[in-house]
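Novice: Could you work out the structure for the sequence below:
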Amino acid sequence: MLEQCEISGDHPVDRATDLASEYRIVEIFYSVQGEGAHAGIPHVFIRFGKCNLQCEWCDTDFEQFDMMSSVEILGEVMKYPSKRIIFTGGEPMLNDLWPLHRLLKSRGYTLACESNGTIEIPEGLLDWICISPKDQMYPGVKIRQTTGDELKCVYVGQDLKLYDELVGGFTHLFLQPCYLDTESVEWNGRNFTMTEEVVKNNPPWRLSLQTHKWMGID
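Specialist: This next block holds a predicted model:
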């Protein structure tokens, strides 16, 4: 592992306060993106703890996390060859990400996030914004981030009119079958078939599959 002095060194833009900033981290891992517009592209995933929603299909125990400083996070991230980062969770936007932004952007990283959209994202913080709203589970929760690169909705039978006010703010529209590894192959298969039919009848929505789960990887 890189020593802290090797990570921070005499880098001209590092601030001591940025290097010392602490975050709730569930895990940091290297994998290919399994879904959405960047499927198949290697990324470093930084998964944050805590979330302001609790969706039944969530595959993360976001209450189990360790506190890590930015310099420790850099030490993990810099082990991997990819310069693409995804902030995910939990809900990453519960955090002040500007310290990580400054440290990572100065080292040439591209920053993306997947957020539930209930917290507005500061302008210029990220290079790619994926919003995955949970209106189908939380109809009373306001979506505050109404623009971005990718709108990715988990489909559980909801009316797509839910997203009428959002679709104009995003370049890519994805509908993703709800997949539960606790359910049977038949149960998940019905969800895949239902979502495919909805996509075929509602262009320009595109089908997004969680290919990493089919491959048995993170």
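Novice: Regarding this structure, what is its longest strand?
Specialist: The longest strand of the chain (DSSP state E) is strand 22-32.
Novice: partners of the helix or strand just after that one, with directions?
Specialist: Along the chain past strand 22-32, the next helix or strand (assigned with DSSP states H and E) turns out to be strand 42-48. For strand 42-48, sheet partners with direction are given as strand 22-32 (antiparallel), strand 84-88 (parallel), following DSSP bridges.
Novice: Adding mean pLDDT, write these out as TSV.
Specialist: Below are these laid out as TSV (pLDDT from 0 to 100):
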stretch	mean pLDDT
strand 22-32	97
strand 84-88	97
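Novice: Of those strands, which stretch is the most buried?
Specialist: Highest mean neighbour count among the strands paired with strand 42-48 (mean count of other C-beta atoms under 10 Å): strand 84-88, with a mean of 22. (Each C-beta comes from the backbone N, C-alpha and C, glycine too.)
Novice: from the chain's centre, how far out does that one sit?
Specialist: Relative to its chain's centre, strand 84-88 lies at 7 Å (C-alpha atoms, centre = their mean, to the nearest Å).
Novice: After that strand, which helix or strand is next? Please name it.
Specialist: Toward the C-terminal end, the helix or strand that comes next after strand 84-88 (DSSP H and E) is helix 98-105.
Novice: What is that next one packed up against?
Specialist: Helices and strands touching helix 98-105, by 3 or more C-beta pairs under 8 Å, 6 or more residues apart in numbering; DSSP states H and E, are helix 16-20, helix 70-77, strand 110-115.
Novice: Which among these is found nearest to residue 98?
Specialist: For the helices and strands packed on helix 98-105, the distance to residue 98 is smallest for helix 16-20, at 8.1 Å, taking C-beta to C-beta.
Novice: Quick one: residues contacting residue 84.
Specialist: 38, 41, 42, 43, 44, 109, 110, 112 (C-beta atoms under 8 Å, 6 or more residues apart in numbering).
Novice: so it bridges to which residues?
Specialist: Using DSSP bridges, the beta-bridge partners of residue 84 come out as residue 110.
Novice: gap between it and residue 47?
Specialist: Taking C-beta to C-beta, to the nearest Å as the measure, residue 84 falls 15 Å from residue 47.
Novice: do the same with residue 149
Specialist: Taking C-beta to C-beta, one finds residue 149 at 20 Å from residue 47.
Novice: of the two, who's got more company?
Specialist: When neighbours are counted by other C-beta atoms under 10 Å, residue 149 and residue 47 differ, and residue 47 comes out ahead with 21 against 18.
Novice: The helices and strands packed on helix 98-105 into TSV, with extra columns for mean neighbour count, mean pLDDT and distance to residue 98?
Specialist: As requested, these are arranged in TSV below (neighbours: other C-beta atoms under 10 Å; pLDDT from 0 to 100; distance: least, C-beta to C-beta, whole Å):
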stretch	mean neighbour count	mean pLDDT	distance to residue 98
helix 16-20	14	95	8
helix 70-77	21	96	11
strand 110-115	22	97	11
